[in-house]
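*Asks:* all I have is the shape, not the residue letters:
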């Protein structure tokens, strides 16, 4: 940790975020739960397993095609619980508002949160509101935390990944990142691109019900699919090989990426999950996904190889192959 | 709700906060848990009762005599769980940082959080960090959420309060508010005044172990003791009468209040609890408090009267008596 001030990239879900966590938070807060560095903490209570997660949302703009900060905050916490195998039990909502924020926007965002929670079958049971003076915050930030109950018998964790595991992604990548990017830059592209922000508890529940051989799941938000796969490869020591030609990418997203010089592999998603499972169950899981409204474009994108520390390998569409490194930070600040 | 923009007072824990909650959040998020409007949500899981709470901290300044935003955020969530009878199980920490924030301050604040958590026997098991550009936040905001387990047999709730209940406060009031106020105004008072920021799980645990006749507890943070008692009087319909001469107030706090024209009854506390209990157990509970490091100045300050909707009545030191209304907002913005 050789920075003496916080940089934007420290919040980007990439290498600098990782440095902040391992350089400051882990050594100080030291406990087995936190050190697993999964999307939720898992704790045992009697004969039950609970999971617990938190996320703050600072997205700019607050409203975007396909959603707003409210639905995003609800989906994000539901998804973090779901990828740990947790059925969401309850959520909290903490608002930090800037003085002068339009009441109508707060009402619209709260309504969107309520609808998102209801659609996913989760209750917002506790909350908090703070207001700071004009200029001390940018409109509205929301924190959501959530508690879930885990009934899946085997632990879903990076530590459960095995060589030979199939890597599946539940749909097109980069939709959320590309949407916010095009909205923020006021590109005025004539495109139908929308954020993929969605609750994944239903989709994930149907997978876990169908297969006892799911080993690990992650939702590729900040940093995109590339960041989470590179991180998992680094954490586990396994080589992970993915095929560029198999990556589902919308034409509009590809177009925006080409114009702006971005890679969809590193653009944020807010309604996708990457699944590591036994290869024997890959087809079954793909099938389950394709039959679900949030998994129609699911694809088998790669496999887990030997534990040789090679990291994430991308076989490119032109027949080459390269190591994919964890990005320094997010490509687009305040993406969530 | 006749404001079309958010005012500072909407975050103050007073009347406008109440309007925001009842005007926007409650109708939209509607569920039985939230509607109780206690410090934590209580849910049943099998044969266990869990409580869940969230709070965002935006205090200015970040460091103050007696603590900092880190220890405050840990104590606050521990206390919200404790007053619902919950033994804290686990906590989350969500950071929103402004680009350029000094790394050394983040380290110091994180260390303070870790120490506060360790002292109270609670683990920070999950977290999140977001960074926004310079000018989009004021330094650092922290959200902490927490989950606790309730073993106290009877429900601690406004609904459990009975006529004749004793009202006890665990120590001097207004210490935190007066400290932040004098620090912020750079009063340069030669005073030893310090925030009372402290974890109350130990003190509250000892009370609950000693008496089965505790009915309700609250920690009088934003808005002070006056706001929570007025709120409880309004919610329950009971008249609550307190004696001004019995209110424990430090000389230094009284001095600051006299200079600035504040009332200690409405200044924030961060390490105090107000307890409603059967009058027969009042002495026992006072004794338990006085023997605890965070309860030495505990005092019996009043009683619950008839359910006649009169609200909170203050018998003043000069022999008069007046109704105490819920303040519009906090006297000092960004007090926590």
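*Replies:* Yep, it's here. Keep in mind that this is a model prediction, so the values were computed, not measured. Residues are numbered from 1 along each chain as shown, chains lettered A, B, ... in the order given.
*Asks:* interface residues of the stretch 101-250 of chain A facing chain B?
*Replies:* Applying CB under 8 Å from any CB of the partner chain, one finds that the stretch 101-250 of chain A approaches chain B through A:101-104, A:106-107, A:110-111, A:113-114, A:117, A:123-133, A:135-138, A:141, A:143, A:145, A:147, A:149. Backbone N, C-alpha and C define where each C-beta goes, glycine included.
*Asks:* ok, then the element right after the longest strand anywhere in chain A?
*Replies:* In chain A, ranked by residue count with DSSP state E as the criterion, the top strand is strand A:86-98. Next helix or strand after strand A:86-98 toward the C-terminus (DSSP states H and E): helix A:103-120.
*Asks:* returning to that earlier point: any of the residues of the stretch 101-250 of chain A next to chain B buried? List them.
*Replies:* Among those, those scoring as buried are A:101, A:103, A:106-107, A:110-111, A:113-114, A:117, A:123-132, A:136-138, A:141, A:143, A:145, A:147, A:149 (criterion: 16 or more other CB atoms under 10 Å in any protein chain shown).
*Asks:* the strands in the stretch 51-200 of chain A, which residues?
*Replies:* With strands called from DSSP state E, counting those that start in this stretch, the stretch 51-200 of chain A shows them at A:63-64, A:67-68, A:86-98, A:123-132, A:140-150, A:166-169.
*Asks:* counting by contacts, list what the least confident helix or strand in chain A by mean pLDDT packs against.
*Replies:* Least confident element among the helices and strands of chain A, by mean pLDDT, DSSP states H and E: helix A:32-35 (a mean of 82). Contacts defined by 3 or more CB pairs under 8 Å, 6 or more residues apart in numbering or on different chains; DSSP states H and E place helix A:32-35 against strand A:41-45, strand B:123-132.
*Asks:* please identify the buried residues of it?
*Replies:* Buried residues in helix A:32-35 (16+ other CB under 10 Å): A:33-34.
*Asks:* which residues outside that helix are in contact with it?
*Replies:* A:25-26, A:41-43, B:90, B:123-127 (CB atoms under 8 Å, 6 or more residues apart in numbering or on different chains).
*Asks:* for that helix, the distance to its chain's centre please.
*Replies:* On the basis of CA atoms, centre = their mean, to the nearest Å, helix A:32-35 sits 19 Å off its chain's mean C-alpha point.
*Asks:* from residue A:83, how far out is residue A:158?
*Replies:* Distance of residue A:158 to residue A:83, computed by CB to CB, to the nearest Å: 11 Å.
*Asks:* for these two, indicate the residue with more neighbours.
*Replies:* Legend: neighbour count by other CB atoms under 10 Å in any protein chain shown for residue A:158 and residue A:83, higher for residue A:83 (25 against 20).
*Asks:* list the residues that contact the more buried one.
*Replies:* A:39-40, A:156, A:200, A:204, A:217-219, A:273.
*Asks:* if we can go back for a sec, could you dump the helices and strands packed on helix A:32-35 into CSV and include distance to residue A:334 and mean pLDDT?
*Replies:* Output for these, formatted as CSV (distance: least, CB to CB, whole Å; pLDDT from 0 to 100):
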stretch, distance to residue A:334, mean pLDDT
strand A:41-45, 25, 91
strand B:123-132, 6, 95
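*Asks:* okay if I get the strands of the stretch 51-200 of chain A as JSON lines plus distance to residue B:242?
*Replies:* Converted to JSON lines, those look like this (distance: least, CB to CB, whole Å):
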{"stretch": "strand A:63-64", "distance to residue B:242": "47"}
{"stretch": "strand A:67-68", "distance to residue B:242": "45"}
{"stretch": "strand A:86-98", "distance to residue B:242": "31"}
{"stretch": "strand A:123-132", "distance to residue B:242": "27"}
{"stretch": "strand A:140-150", "distance to residue B:242": "35"}
{"stretch": "strand A:166-169", "distance to residue B:242": "61"}
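*Asks:* quick check: residue A:316 touching residue A:322?
*Replies:* Yes. Contact criterion CB atoms under 8 Å: residue A:316 and residue A:322 qualify, at 6.7 Å.
*Asks:* surely residue A:115 and residue A:71 touch.
*Replies:* Yes. Taking contacts as CB under 8 Å, residue A:115 lies within contact range of residue A:71: 7.2 Å.
*Asks:* neighbour-wise, which of these two wins?
*Replies:* residue A:71 (25 against 14).
*Asks:* what pLDDT does the model give the more buried one?
*Replies:* pLDDT recorded at residue A:71 is 98.
*Asks:* what residue ranges in chain A score low on pLDDT?
*Replies:* Residues of chain A that meet the criterion pLDDT under 70 lie in A:1, A:186-191, A:331.
*Asks:* for it, what spans make up the helices?
*Replies:* With helices called from DSSP state H, chain A shows them at A:15-20, A:26-29, A:32-35, A:69-82, A:103-120, A:175-184, A:201-210, A:224-236, A:251-260, A:282-290.
*Asks:* the ones you listed: which one's closest to residue B:225?
*Replies:* With CB to CB as the measure, helix A:103-120 is the member of the helices of chain A nearest residue B:225 (29.2 Å).
*Asks:* I'd say residue A:143 and residue A:69 touch.
*Replies:* No. Judged on CB under 8 Å, residue A:143 makes no contact with residue A:69 at a distance of 11.2 Å.
*Asks:* mutual contacts of the two, please.
*Replies:* Residues touching both residue A:143 and residue A:69 (CB under 8 Å, 6+ apart): residue A:57.
*Asks:* list the contacts of residue A:81.
*Replies:* A:39-40, A:51, A:53, A:87-88, A:146-148, A:201 are the contacts of residue A:81 under CB under 8 Å, 6+ apart.
*Asks:* which pair in these has the greatest spatial separation?
*Replies:* The span of the contacts of residue A:81, defined through CB to CB, is set by A:39 and A:87 at 14.7 Å.
*Asks:* what about the two, which has more around it?
*Replies:* Applying other CB under 10 Å to residue A:39 and residue A:87 shows that residue A:39 carries more neighbours, namely 25 against 19.
*Asks:* what number of residues lie near the closest residue to that one other than its chain neighbours?
*Replies:* Once flanking residues are discounted, residue A:39 sits nearest to residue A:80: 4.2 Å by CB to CB, 6 or more residues apart in numbering or on different chains. Number of residues near residue A:80 (other CB under 10 Å) recorded here: 29.
*Asks:* likewise for residue A:309?
*Replies:* Neighbour count of residue A:309, defined by other CB under 10 Å: 11.
*Asks:* against chain B, how distant is the closest residue to it other than its chain neighbours?
*Replies:* Once flanking residues are discounted, residue A:309 sits nearest to residue A:237: 5.5 Å by CB to CB, 6+ apart. With distances taken as CB to the nearest CB, to the nearest Å, residue A:237 is found 24 Å from chain B.
*Asks:* just to check, residue A:237 is in contact with residue A:306?
*Replies:* No. Look at residue A:237 against residue A:306 with CB under 8 Å: they stay out of range, at 9.2 Å.
*Asks:* alright, I will stop here.
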